[in-house]
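# got a sequence here, can you build the structure:
(one chain, ligands or ions: 2)
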Amino acid sequence: MSTGTADTAEESAPADDQSEQQEPREPETALETARRQLEHAAVHLDVDPGVVERLKHPTTVHRVAVPLERDDGSVEVFTGYRAQHDDVRGPYKGGLRFHPHVSEEECVGLSMWMTWKCAVMDLPFGGGKGGVIVDPKQLSETEKEKLTRRFAEELRKFVGPKKDIPAPDMGTDAQTMAWFMDAYSMQEGETIPGVVTGKPPVVGGTEGREEAPGRSVALVVREAADYYDYDLDGLTVAVQGYGSVGANAARLLDDWGADVVSVSDTGGAVYAEDGLDTHAIPSFSEEPNAVTGYAADTDGAHLLDDGNDILELDVDVLIPAAVGNVITVDNADAVRADIVVEGANGPTTFAADEILAERGVHVIPDILANAGGVTASYFEWLQDINRRTWTIEEVRSELEAEMLKAWNAVRTEVEDKDITWRDAAYVVALGRIAEAKSVRGLWP
Ligand SMILES: NC(=O)C1=CN([C@@H]2O[C@H](COP(=O)(O)OP(=O)(O)OC[C@H]3O[C@@H](n4cnc5c(N)ncnc54)[C@H](OP(=O)(O)O)[C@@H]3O)[C@@H](O)[C@H]2O)C=CC1
Ligand SMILES: O=C(O)CCC(=O)C(=O)O
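Ligands and ions are numbered 1, 2, ... in the order given. Down below sits the predicted model:
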């Protein structure tokens with residue numbers, strides 16, 4: 001975080017000039033992982049190498065200074081980014097993160113994953129991602145609002161319902177999106193709900209957006225369990241991260257009969273052999289850091305020695321749903337789950353992915369598994385444009401239909417080409433993007 005220094009708002013050159021020949025460090029940055037995944041998957045598709053090369057780079061990265069007057073009267077200047085990766089299929093789309101580890105490189109990597117995610121789901125969007133380097137837990141509600149409004153003002157020229165549509169991600173939520181939409185609309189002189197998605201329904205948000213990424217993770221777990229002949233009833237599941245994605249996935253799987261034996265947050269991981277009562281554990285937005293309290297108060301539940309041990313539990317399905325780079329070369333051999341369903345973006349490094357593949361662990365990638373979030377965002381965008389609201393039942397049923405369509409498209413590539421789920425998801429996405437580029441005649 002920069003304090004008291006005036007980084008002027010500026011548009012920086014694409015953050016992409018590192019040597020691609022260097023041996024990647026472990027853990028890799030999101031950008032390194034995204035590029036290596038792209039190269040790996042492109043081999044399985046007859047696609048112009050020029051297109052692949054272009055897709056390793058973002059179109060633009062906006063870097064802005066976000067000054068904030070704190071409640072005590074002092075002024076701090078935070079740095080924010082918006083990376084815009086590719087828009088051949090439609091406006092840039094992707095979340096905004098408030099987190100101390102936000103960086104330009106991370107935003108670029110995450111924006112690349114958004115491009116693939118939207119293409120896997122066949123949504124008319126490209127990929128974007130942004131954020132502010134800040135720990136939102138250290139800000140009061142008023143400070144969060146002021147920071148969000150100023151960030152929206154700095155990004156105003158670069159976003160819009162037909163240009164780039166932000167949404168929630170780590171450390172941001174529906175309230176953040178409402179402030180962002182209000183600040184943007186005030187500058188534009190009219191209410192423009194479609195500038196962001198993930199808003200509260202009362203200001204143009206859709207029902208079901210908050211639960212959607214977790215719901216899609218649960219749907220994918222259900223399909224993967226069925227594909228690999230596991231019974232959903234009694235399926236053992238561990239979930240790292242008990243926020244928007246993790247808690248919604250855990251609770252739905254619990255409702256469907258799975259045994260969610262462990263969940264975690266930054267305070268630690270709680271374990272109960274017979275399954276946890278997931279509804280009794282408050283999620284991050286309901287009460288941050290509540291997992292440890294639940295463990296202390298509940299018979300039959302205990303904390304694991306180290307929160308990260310959750311990744312090495314002997315369960316049928318592991319759902320990393322917190323942050324990136326948690327499965328690395330250091331622990332990939334110790335993962336004992338049969339199936340990993342990625343709730344977070346980029347939880348598995350490229351090298352760890354190879355280890356898991358060699359060991360026969362099936363990894364269902366983020367760009368498919370957590371795509372329910374952006375799919376519900378698409379539904380919200382449609383509702384905003386049409387000034388018409390959908391019921392929660394409509395959202396859930398359309399979401400399930402879209403997820404099954406994407407799952408089947410990816411499964412077909414897995415079976416036809418005998419490749420991993422990640423490569424298959426990339427093949428589906430890349431095929432659509434390359435075709436769009438070819439038809440539009442965009443070059444490079
Ligand atoms: N929200 C969305 O719409 C979407 C989010 N994602 C991705 O899902 C992931 C989680 O996002 P989201 O659920 O929104 O985030 P939230 O901010 O709602 O929750 C994050 C959760 O992860 C926990 N956490 C953070 N670091 C660790 C760690 N090292 N070990 C264990 N738990 C940890 C937090 O714990 P604590 O409470 O202690 O801070 C919190 O419970 C991110 O990778 C995000 O990009 C993907 C698709 C859509
Ligand atoms: O809903 C969206 O637009 C994007 C959500 C997101 O950031 C993600 O899927 O990683």
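# quick one, what contacts Lys146?
By Cβ atoms under 8 Å, 6 or more residues apart in numbering, Lys146 lies in contact with 68-69. (Each C-beta comes from the backbone N, C-alpha and C, glycine too.)
# remind me which helix or strand it belongs to.
Here Lys146 sits within helix 141-155, counting by DSSP states H and E.
# tell me which stretches of the protein form helices.
30-42, 49-55, 104-120, 141-155, 174-188, 212-227, 244-255, 291-297, 350-358, 366-369, 372-386, 392-417, 421-440 (DSSP state H).
# circling back to that earlier point, the helix holding Lys146 vs ligand 1: in contact?
No: judged by Cβ under 6 Å from any ligand atom, helix 141-155 stays clear of ligand 1, getting no closer than 13.1 Å.
# go through the helices of the chain and pick out the most buried.
helix 366-369 (a mean of 30; mean count of other Cβ atoms under 10 Å).
# okay, how far is it across stretch 359-371, tip to tip?
End-to-end distance for stretch 359-371: 26 Å, by Cα to Cα, to the nearest Å.
# for whatever residue of the chain ends up closest to ligand 2, list each beta-bridge partner.
Closest approach between the chain and ligand 2, counting by Cβ to the nearest ligand atom: Gly95, at 2.6 Å. With DSSP bridges as the criterion, Gly95 is bridged to Ala167.
# what sits against it?
Contacts of Gly95 (Cβ under 8 Å, 6+ apart): 110, 129-130, 166-170, 172, 198, 373.
# so which of these reach ligand 1?
Applying Cβ under 6 Å from any ligand atom to the contacts of Gly95, those adjacent to ligand 1 are 168-170, 373.
# of the residues you listed, which is the most crowded?
Among the ones next to ligand 1 among the contacts of Gly95, the one with the most neighbours (other Cβ atoms under 10 Å) is Gly373, at 28 neighbours.
# chain neighbours aside, what residue packs nearest to whichever residue of the chain sits closest to ligand 1?
Residue of the chain nearest ligand 1, by Cβ to the nearest ligand atom: Gly243 (1.7 Å). Among residues not flanking Gly243 along the chain, Phe284 sits closest, at 3.8 Å (Cβ to Cβ, 6 or more residues apart in numbering).
# return the residues in contact with that neighbour.
242-244, 247, 265.
# pull up the residues of the stretch 201-350 of the chain that are close to ligand 1.
213, 240-246, 264-267, 284, 288-289, 307, 321-323, 343-345.
# rerun at 5 Å
Counting by Cβ under 5 Å from any ligand atom, the stretch 201-350 of the chain comes close to ligand 1 at 213, 241-245, 264-266, 284, 288-289, 322-323, 344-345.
# now the stretch 51-200 of the chain
169-170.
# ok, now with 6 Å
So the stretch 51-200 of the chain meets ligand 1 at 95, 168-171 (Cβ under 6 Å from any ligand atom).
# got the angle for the longest strand that the chain contains vs helix 421-440?
For the chain, the longest strand by residue count, based on DSSP state E, is strand 75-86. Relative orientation of strand 75-86 versus helix 421-440 (axes from the mean of the first three to the mean of the last three Cα atoms, to 10 degrees): 70 degrees.
# packing partners for strand 75-86?
strand 60-69, strand 92-99, helix 104-120, strand 126-133, helix 141-155, strand 164-168 (3 or more Cβ pairs under 8 Å, 6 or more residues apart in numbering; DSSP states H and E).
# quick one: distance of it to the chain centre.
Mean-position distance between strand 75-86 and its chain equals 17 Å (Cα atoms, centre = their mean, to the nearest Å).
# same deal with stretch 72-83?
Using Cα atoms, centre = their mean, the offset of stretch 72-83 from its chain centre is 23 Å.
# stretch 116-125 too?
14 Å.
# try stretch 196-209
On Cα atoms, centre = their mean, the centre of stretch 196-209 falls 18 Å from that of its chain.
# and for stretch 287-304?
26 Å.
# what does stretch 380-398 give?
Its chain's C-alpha centre lies 21 Å from the corresponding centre of stretch 380-398 when counted by Cα atoms, centre = their mean.
# list of residues touching that stretch?
Residues outside stretch 380-398 that contact it (Cβ under 8 Å, 6+ apart): 161, 165, 193-194, 197-199, 201, 204-209, 212, 215, 376, 379.
# so which of those belong to strands?
Reading strands off those with DSSP E, I get Ile165.
# Tyr184: which of the residues of the stretch 201-350 of the chain next to ligand 1 is nearest?
Closest to Tyr184 out of these is Ser244 (22.6 Å), distances taken as Cβ to Cβ.
# how far away is that closest one from Gly373?
Ser244 sits 8 Å away from Gly373, taking Cβ to Cβ, to the nearest Å as the criterion.
# give me the common contacts of the two.
By Cβ under 8 Å, 6+ apart, the residues touching both Ser244 and Gly373 are Pro213.
# from the ones next to ligand 1 among the contacts of Gly95, which two are the most distant?
Using Cβ to Cβ, the pair of the ones next to ligand 1 among the contacts of Gly95 lying farthest apart is Met170 and Gly373, separated by 11.8 Å.
# what's the angle between the helix holding Lys146 and strand 126-133?
Here the directions of helix 141-155 and strand 126-133 differ by 130 degrees (the same axes, to 10 degrees).
# how distant is helix 141-155 from the center of its chain?
Its chain's C-alpha centre and that of helix 141-155 lie 22 Å apart, by Cα atoms, centre = their mean.
# same deal with stretch 374-391?
19 Å.
# is that stretch up against ligand 1 anywhere?
No: on the criterion Cβ under 6 Å from any ligand atom, stretch 374-391 is out of touch with ligand 1, staying 7.0 Å away.
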